[in-house]
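> Sharing a model prediction with you, sequence too.
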Amino acid sequence: MEEIIIEGLGSYVPSRIVTNFEISKIVDTNNEWISDRTGIIQRHISQGEDTSYMASKACENAMKMANISPLDIDLIIVATCTPDMFTPSTACIVQKNIGAKNALAFDISAACTGFIYGLDIASAIMKSNKYTHALVIGAENLSKAIDWNDRSTCVLFADGAGAAVLSKSNDKGIIKSLCKSQGENHEFITIGAKDVENPFLEESVSRNKKLQMNGREVFKFATSKIVECIKQILEDENMTIDDIDYIVPHQANVRIIEYAAKKLNISTEKFYTNIQNYGNTSAASIPIALNEMNEKSLIKKGNKIILVGFGGGLTYGASLINWNI
């Protein structure tokens, strides 16, 4: 059976960096409070760049690394919970922006687990038909959904995009994926849509359109599911944690990562973290981190990497990857 590998990576973040000191000028907080509790020092905030724009720039960088033309792309999947608009999909706008006129394009909404969902879906589609190359993108414009008066959330979230080119190969690439949902706790993280309004309603149904999060419950969910997913992947593949070179988690909170490392009885050094510079970029965080690791030559061909994510939905999942770049 043909395998699916990651052949190229790219990312894009807005040039505007917002520090904790700047955040402390608009809400009652300070640099020490934010960094001690989250690990975040700064984040990138959109200066008008739409989700589709950031996604397109990340795709261009990924295709350049993979040395393939936009016309070679058969499939585009954008994972986002902050699309440009309800319709068309962000993926269709990306298709137009990059000139990938032969590609099937659609969005998925799995919040911070979106990139892992995208890898699994793209791999399955590619293995089932003639598609040779795909773009899987995690892209978010969370600054437009943040309540900038809520210090419990506005200090966390940020904007950016990361993309991966997937290609068919005879080499092992994406070895195993695990994607799950826990919808009974969907209210733990929400971003409301439009109010329900029409001329036949006696009273409109209003929704809070800003990001809301039950931080305590999300922390408990995240720490348990990171450990559960990693253990499940290792068990399914008859591997141990020592067989893994790196774990790349969703960059939500450094305390979550520290707790997971303790539960797995491993050093935090096995987890790659860059949340200090980017904040929580939701679906974009894992591909941004992967691209940064590759640019720093931290990962080498043949390395075994686990990607693990968790987020709104609730959703969670992991992917075991054999590195091929």
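That came through fine.
> Can you name the residues that contact Ile77?
Under the criterion of Cβ atoms under 8 Å, 6 or more residues apart in numbering, the contact list for Ile77 reads Ala91, Ala105, Phe106, Asp107, Ile108, Gly118, Ile121, Ala122, Ala134, Leu135, Val136, Ile137. The way it works is simple: take the backbone N, C-alpha and C, and place the C-beta from them, glycine included.
> If you could redo that for Ala260, that was the one I meant.
Residues near Ala260 by Cβ under 8 Å, 6+ apart: Thr223, Ile226, Val227, Ile230, Pro249, Phe271.
> please redo it, this time with the cut-off set to 6 Å
Thr223, Ile226, Val227 (Cβ atoms under 6 Å, 6 or more residues apart in numbering).
> Repeat that for Ser167.
Ser167 makes contact with Ile5, Glu7, His133, according to Cβ under 6 Å, 6+ apart.
> before we move on, the earlier item: and the contacts of Ile77, which two are furthest apart?
Between all members of the contacts of Ile77, the longest pairwise span (Cβ to Cβ) is found for Asp107 and Ala134 and amounts to 14.1 Å.
> Help me confirm that Ala2 comes into contact with Leu166.
If you look again at residue 2, you'll see it is Glu, not Ala. No - using Cβ atoms under 6 Å, Glu2 is not in contact with Leu166, being 11.6 Å away.
> pull the longest helix from the chain.
The longest helix of the chain (DSSP state H) is helix 215-236.
> Would you mark the buried spots in that one?
Val218, Phe221, Ala222, Thr223, Lys225, Ile226, Val227, Glu228, Cys229, Ile230, Ile233, Leu234 (16 or more other Cβ atoms under 10 Å).
> pLDDT and distance to Asn324 for the residues you listed - can I get that in CSV?
Putting the buried residues of helix 215-236 into CSV (pLDDT from 0 to 100; distance: Cβ to Cβ, whole Å) gives the following:
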residue, pLDDT, distance to Asn324
Val218, 94, 34
Phe221, 96, 32
Ala222, 95, 29
Thr223, 94, 31
Lys225, 96, 27
Ile226, 96, 25
Val227, 96, 27
Glu228, 97, 27
Cys229, 98, 22
Ile230, 98, 21
Ile233, 97, 18
Leu234, 97, 21
